[in-house]
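In: take a look and give me a structure for this.
(one chain, ligands or ions: 1)
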Amino acid sequence: MKKEYDIVIVGNGAAGLFTALHMPKDKNIAIITKADMEESDSFLAQGGICVLKNEDDYQSYFEDTMRAGHYENNRESVEIMIRSSQNIIRELVDFGVDFERDHGEFKFTREGAHTAPRILYHEDLTGKEITSKLLACAKDRPNIEIYTYTTMVDIIEKDNICYGVMVEDADHQVHKVLCDYTIWACGGIGGLYQHSTNFRQLTGDALAISLHHNIELLNVDYVQIHPTTFYSTKPGRRFLISESVRGEGAILLDKNGERFVDELLPRDLLTAKIKEKMKEEGSDYVRLSLEKMSAEDIKKRFPNIYKTCLEEGYDITKEPIPVVPAQHYFMGGVKVDSEGRTSMKRLYAAGETACNGVHGANRLASNSLLESLVWARRAADDIVKNYESIPRDWCENYFVSPDGEGYVADYTYESVADRYHEEVREEIELERKARMEKGDKQ
Ligand SMILES: Cc1cc2nc3c(=O)[nH]c(=O)nc-3n(C[C@H](O)[C@H](O)[C@H](O)COP(=O)(O)OP(=O)(O)OC[C@H]3O[C@@H](n4cnc5c(N)ncnc54)[C@H](O)[C@@H]3O)c2cc1C
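Out: As a prediction, this is how the structure comes out:
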């Protein structure tokens with residue numbers, strides 16, 4: 001890896017790749033990722049991506065997003081996201097993304113808390129379809145270099161200006177990498193939880209670094225639990241049974257085989273109902289049945305879920321599967337404005353790491369890929385519009401210290417990881433308690 005780039009992007013999920021693809025082709029861009037090329041949550045998205053179908057749907061799409069978010073959403077962000085959606089989908093199609101169609105027209109599906117079908121999809125592998133196409137385009141650009149197993153350990157900062165990142169490479173060497181602009185696209189925080197649908201390396205590193213450098217955070221206690229993940233006692237990621245399975249008619253059953261809830265409730269409310277039922281029954285899971293769909297439809301519409309459950313010993317065309325709620329999505333994050341700017345100059349954030357308030361207290365299904373792409377694009381546009389190189393001679397002698405006391409030494413990720421993770425967990429807990437106290441007083 002070189003010592004200097006024009007732009008460094010941390011994370012190669014949908015947000016990181018889309019930002020890179022909207023930068024001018026004469027800028028040198030480095031994308032770094034903690035893991036392999038395809039190990040990002042963006043590859044895992046099953047259900048789909050929302051779009052404003054037509055003008056008649058605007059009000060109900062807006063209202064569905066607000067209602068799911070308990071009306072704590074930033075209204076301007078919601079409007080930006082919905083109004084940008086058709087353009088984003090056009091761009092994805094131009095990048096080669098293939099959405100399900102019927103006689104040439106897009107097909108739409110529906111998920112929990114949507115009052116209308118407005119979700120585009122590609123089998124049950126929408127995230128893979130989108131992200132693999134973006135990745136292929138990024139690999140084709142000579143100005144974009146992608147470094148795998150390369151981890152951001154810290155940023156280089158002076159007087160609230162970001163000058164680049166401290167990076168540990170695949171050989172565990174730590175380097176200073178200087179740049180004009182840094183973009184955080186580091187995904188969620190699922191790796192901090194015992195049960196999560198996220199990749200384990202997603203541990204909210206940008207949040208820990210923000211705490212060390214006084215970068216503003218927002219709503220960090222807003223963590224979404226997905227109501228239906230495949231129940232397993234194995235370690236590692238939990239396999240998601242997408243909301244669209246319920247959208248297509250799957251029902252939830254108690255231990256007597258009785259339906260006990262409206263399966264299309266918003267995620268937080270449905271999670272509460274499932275947990276209540278598990279407590280009442282003293283069970284570790286409830287059951288999800290696809291009995292209302294034909295075997296043929298199930299295999300065509302949810303081939304990946306069908307195959308994975310079969311590997312786990314369940315044929316979803318014939319029997320219900322055990323499901324349990326697990327950590328899934330992070331609504332909070334590094335606070336950004338409508339252009340993806342953080343509170344630190346020359347540092348942007350997009351995707352699940354960032355919080356522009358669009359989801360409020362709870363995300364509406366299939367809004368997150370869209371939001372990631374909208375803010376990735378806006379961050380790129382803002383950087384391009386205001387691009388200025390920055391003199392950084394002083395950085396030559398810069399070293400950083402994990403305790404924040406002056407510039408003493410470089411350090412590996414392993415040496416700070418436990419501490420970073422604990423600090424983020426503590427911050428989430430502090431914010432949760434503060435919000436509860438505030439709520440109590442009101
Ligand atoms: C199972 C599952 C299903 C989902 N289904 C849907 C869906 O149907 N529709 C929808 O809209 N959303 C869905 N989501 C949510 C959506 O996939 C994510 O919110 C979105 O993809 C986030 O994209 P991102 O680019 O911000 O982060 P990610 O795609 O997670 O990428 C984060 C990147 O940051 C890198 N990284 C992290 N920390 C560091 C570090 N310190 N140094 C270097 N690199 C780092 C990671 O290695 C990774 O490359 C789903 C999520 C999951 C887990």
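In: what's near enough to touch Asn362?
Out: Residues near Asn362 by CB atoms under 8 Å, 6 or more residues apart in numbering: Ala68, Gly69, His70, Tyr222, Gln224, Pro266, Arg267, Asp268, Met331. All C-beta atoms are positioned from the backbone trio N, CA, C, and that covers glycine.
In: those in helices, which ones?
Out: Ala68, Arg267, Asp268 (DSSP state H).
In: and the second one, how many neighbours?
Out: If I follow you right, that is Arg267. Neighbours of Arg267 under the rule other CB atoms under 10 Å: 24.
In: before we move on, the earlier item: turn the ones in helices among the contacts of Asn362 into JSON lines, columns for distance to the ligand and pLDDT.
Out: Shown next, in JSON lines, are those (distance: CB to the nearest ligand atom, whole Å; pLDDT from 0 to 100):
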{"residue": "Ala68", "distance to the ligand": "13", "pLDDT": "93"}
{"residue": "Arg267", "distance to the ligand": "12", "pLDDT": "81"}
{"residue": "Asp268", "distance to the ligand": "16", "pLDDT": "81"}
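In: where does the stretch 51-200 of the chain dip in pLDDT?
Out: Counting by pLDDT under 70, the stretch 51-200 of the chain contains no low-confidence range.
In: quick check: residues of it near the ligand?
Out: By CB under 6 Å from any ligand atom, the part of the stretch 51-200 of the chain that sits against the ligand consists of Thr126, Gly127, Thr151, Met152, Ala185, Cys186, Gly187, Thr197, Asn198.
In: for the ligand, what's the nearest residue on the stretch 1-150 of the chain?
Out: Gly13 (2.0 Å; CB to the nearest ligand atom).
In: so that residue versus Thr131, what's the distance?
Out: 7 Å (CB to CB, to the nearest Å).
In: more crowded one of those two?
Out: Gly13 (33 against 26).
In: just list the residues touching the more buried one, thanks.
Out: Ser40, Asp41, Ser42, Phe43, Thr131, Ala185, Gly187, Gly351, Glu352, Ser372.
In: turn those residues into CSV, columns for secondary structure.
Out: Shown next, in CSV, are the contacts of Gly13 (DSSP: H, G, I helix; E, B strand; the rest coil):
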residue, secondary structure
Ser40, coil
Asp41, helix
Ser42, helix
Phe43, helix
Thr131, helix
Ala185, coil
Gly187, coil
Gly351, helix
Glu352, helix
Ser372, helix
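In: and the contacts of the biggest strand by length in the chain?
Out: Across the chain, the longest stretch assigned as strand under DSSP state E is strand 321-330. Contact with strand 321-330 is made by 188-190, 193, 195-198, 204, 222-231, 238, 240-241, 252, 267, 271, 274-275, 278, 284-288, 309, 314, 352, 363, 368, as judged by CB under 8 Å, 6+ apart.
In: let's see the ChimeraX selection covering just the buried ones among the residues you listed.
Out: In ChimeraX syntax, the buried subset of those is picked out as below (16 or more other CB atoms under 10 Å):
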select :188,189,190,193,195,196,197,198,204,222,223,224,225,226,227,228,229,230,231,238,240,241,252,267,271,274,278,285,286,287,288,309,314,352,363,368
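In: now do the same for the residue of the chain positioned farthest from its centre: helix, strand or coil?
Out: Farthest-out residue of the chain from its mean C-alpha position, per CA atoms, centre = their mean: Asn256, at 36.1 Å. Assigned with three-state DSSP, Asn256 falls in the coil class.
In: model confidence for it, exactly?
Out: pLDDT for Asn256: 95.
In: one step back: specify which member of the contacts of Gly13 is nearest to Glu388.
Out: Using CB to CB, Ala185 is the member of the contacts of Gly13 that sits closest to Glu388, with 21.7 Å.
In: that closest one - how many residues pack around it?
Out: 33.
In: so which residue of the stretch 51-200 of the chain comes closest to the ligand?
Out: Gly187 (2.7 Å).
In: doesn't Asp205 make contact with that residue?
Out: No: contact criterion CB atoms under 8 Å: Gly187 and Asp205 do not qualify, at 9.5 Å.
In: between the two, who's got more neighbours?
Out: Ranked by neighbour count (other CB under 10 Å), Gly187 and Asp205 place Gly187 first, with 33 against 28.
In: which residue packs closest to the more buried one, ignoring adjacent ones?
Out: Leaving out its chain neighbours, the residue that sits closest to Gly187 by CB to CB, 6 or more residues apart in numbering is Leu202, at 4.5 Å.
In: end to end, how far does stretch 34-54 reach?
Out: This stretch, stretch 34-54, spans 39 Å end to end (CA to CA, to the nearest Å).
In: gap between that stretch and the chain center?
Out: 8 Å (CA atoms, centre = their mean, to the nearest Å).
In: cool, and stretch 109-121?
Out: 19 Å.
In: please compute how far the top helix by length along the chain lies from its chain's middle.
Out: In the chain, with assignment by DSSP H, the single longest helix is helix 413-441. For helix 413-441, the separation from the chain centroid amounts to 19 Å (computed by CA atoms, centre = their mean).
In: next, the buried residues of it.
Out: Tyr413, Val416, Tyr420, His421, Glu423, Val424, Arg425, Glu427, Ile428, Glu431.
In: which element is the closest residue to the third one other than its chain neighbours on?
Out: This means Tyr420. For Tyr420, ignoring the flanking residues on the chain, the nearest one in space by CB to CB, 6+ apart is Ala208 at 3.6 Å. Using DSSP states H and E, Ala208 falls within helix 205-213.
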